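Student: just need the structure, nothing else, for what follows:
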Amino acid sequence: MASAMGRVLALGKFSGARYLMAGAVLGAVVALSLNMTLSPPEPVKPTVSSAGSGPMGGGMPATSSAPKSPYDVPAGTCLNWTEPDGSDMTSVDCDEPHVFEVTGLLNVEDEFPGDAQRPSIEDWRKIATSRCEDGVEEYLGGPLDPAGKFSITALLPNNQEWESGDRTLRCGLWRIGPGGGLQATTGSAKDLNQADVWAAGTCLGLEDKAASDPVPCEEVHSYEIIAVIDLSKHFGDGYPSLTKQNKRLDRVCANRIAAYSGGMELSSRSLIASWDTRSQESWQAGSTLVNCKVAKLRSDKSGLGPATGSIAKTPQPQESGSSGEPGGDSGGDDAPGNSGGNGSSSENAPDNPGNS
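Tutor: Next comes the predicted model:
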């Protein structure tokens, strides 16, 4: 059974806090950006059950006596795998958890005929960069949020497939967590809000004073996600300035935290309130959701500190490693609560790591 190693080309823009090591393609993903950091953590499996299994692509084209490669699928197909080498890749309904969504097919046969040598990674980069991004936006029916949860990638024909005449590159989208782990999503990217948010009750791990991938809240973590707020329900379609967002979220998040924790005084556990804000570019891409969250700062304010245990008055359901697909909930934003003066945002407080 062939491996997925060497098949995936990452084209997305990653922030400095993200590492280019999605578990299923550990060591095989190639960055386009020269300043992208590579990190060698242990492979991270999406915590979802594979909807099936099937052999990886390779060898001769499928015949009636050979199963079709799960790689050989059209645009709109969602793929899932849980093994670090991607050997259990299978196509699934997009309403099921999956880690890759095919957005378009590029055939390069005209440039690389049957006897041509397989392109170098640099050549693949040039081809995919010039043609995948526009195709993704056409597939989505609008812009891709550069700060959103989805990144552009491409599945390449492996060596065996290339030798058998396959010249098709499959552009796609996936989600990488802040710690570099491949995160399962549910639903087509066409229908999802692209905002990089997590479901209430999720705790994000801690690595090098920064947020990492989801972990059980009983373990050491950086942020505990309290709520998902849809800013468009208050501000409508017009983009609110960061000042307006912060003013609104200062009150809303304090109320949500009070309700979530049963009125806990955050300072009693050396915690602070925090939240996300959205840039105008993200807003125009439809990313109107933000997280309210709590975190612990290090005493020297050099980054996030270790927190353990949930502050929820009622235990929140959480599946470690699952990205969830939260919907924006603005109900009760103005309910009475304890503002406590703990609200803060990285947009206004340079010493507070704030947004993840």
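Student: and S302, how many neighbours?
Tutor: 11 (other Cβ atoms under 10 Å). To be clear about C-beta, it is placed using only N, CA and C from the backbone, and glycine gets the same treatment.
Student: quick one: residues contacting it.
Tutor: K209 (Cβ atoms under 8 Å, 6 or more residues apart in numbering).
Student: test my guess that T103 contacts T77.
Tutor: No - with contacts counted by Cβ atoms under 8 Å, T103 stays clear of T77, the gap being 9.8 Å.
Student: which of these two has more residues huddled nearby?
Tutor: T103 (26 against 20).
Student: do you know how far that one is from I152?
Tutor: 8 Å (Cβ to Cβ, to the nearest Å).
Student: mutual contacts of these two, please.
Tutor: In contact with both T103 and I152: C132, V136, C171, G172, L173, using Cβ under 8 Å, 6+ apart.
Student: the fourth one: neighbouring residues, count only.
Tutor: Read that as G172. When neighbours are counted by other Cβ under 10 Å, G172 comes out with 28.
Student: quick one, strands of the stretch 1-150 of the chain?
Tutor: Secondary structure of the stretch 1-150 of the chain, counting by DSSP state E, counting those that start in this stretch: strands at 8-10, 78-80, 90-92, 100-107, 150-155.
Student: give the partner strands of the third one in its sheet and their orientations.
Tutor: With DSSP bridges as the criterion, the sheet partners recorded for strand 90-92 are strand 78-80 (antiparallel).
Student: any chance you could list what contacts the partner strand?
Tutor: 46, 48, 50-51, 70, 73, 89-94, 96-102, 184, 188.
Student: show the average pLDDT along it.
Tutor: Mean pLDDT, strand 78-80: 95.
Student: same question, stretch 184-204
Tutor: Here the average pLDDT along stretch 184-204 is 97.
Student: gap between the two ends of it?
Tutor: 15 Å (Cα to Cα, to the nearest Å).
Student: before we move on, what about stretch 297-305?
Tutor: 5 Å.
Student: so how far is K126 from S120?
Tutor: 10 Å.
Student: higher neighbour count, the two?
Tutor: A count of neighbours by other Cβ under 10 Å puts K126 above the other of S120 and K126, at 13 against 9.
Student: how confident was the prediction at that one?
Tutor: 83.
Student: gap between it and P113?
Tutor: Distance from K126 to P113, by Cβ to Cβ: 18 Å.
Student: need phi/psi at R256.
Tutor: phi -70, psi -40 (degrees, to the nearest 10).
Student: what's the local residue count around it?
Tutor: For R256, using other Cβ under 10 Å, the count is 26.
Student: verify the stated contact: it with I226.
Tutor: Yes - counting by Cβ under 8 Å, R256 does reach I226; the two are 5.4 Å apart.
Student: please enumerate the helices of this protein.
Tutor: Counting by DSSP state H, the chain has these helices, from start to end: 121-140, 159-163, 232-235, 242-261, 280-284.
Student: packing partners for the fourth one?
Tutor: Contact analysis of helix 242-261 by 3 or more Cβ pairs under 8 Å, 6 or more residues apart in numbering; DSSP states H and E lists strand 223-230, helix 232-235, strand 272-275, strand 289-295 as its packing neighbours.
Student: can I get these in TSV including mean pLDDT, distance to K313 and mean neighbour count?
Tutor: Below are the helices and strands packed on helix 242-261 laid out as TSV (pLDDT from 0 to 100; distance: least, Cβ to Cβ, whole Å; neighbours: other Cβ atoms under 10 Å):
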stretch	mean pLDDT	distance to K313	mean neighbour count
strand 223-230	98	12	25
helix 232-235	96	25	16
strand 272-275	97	16	25
strand 289-295	98	13	25
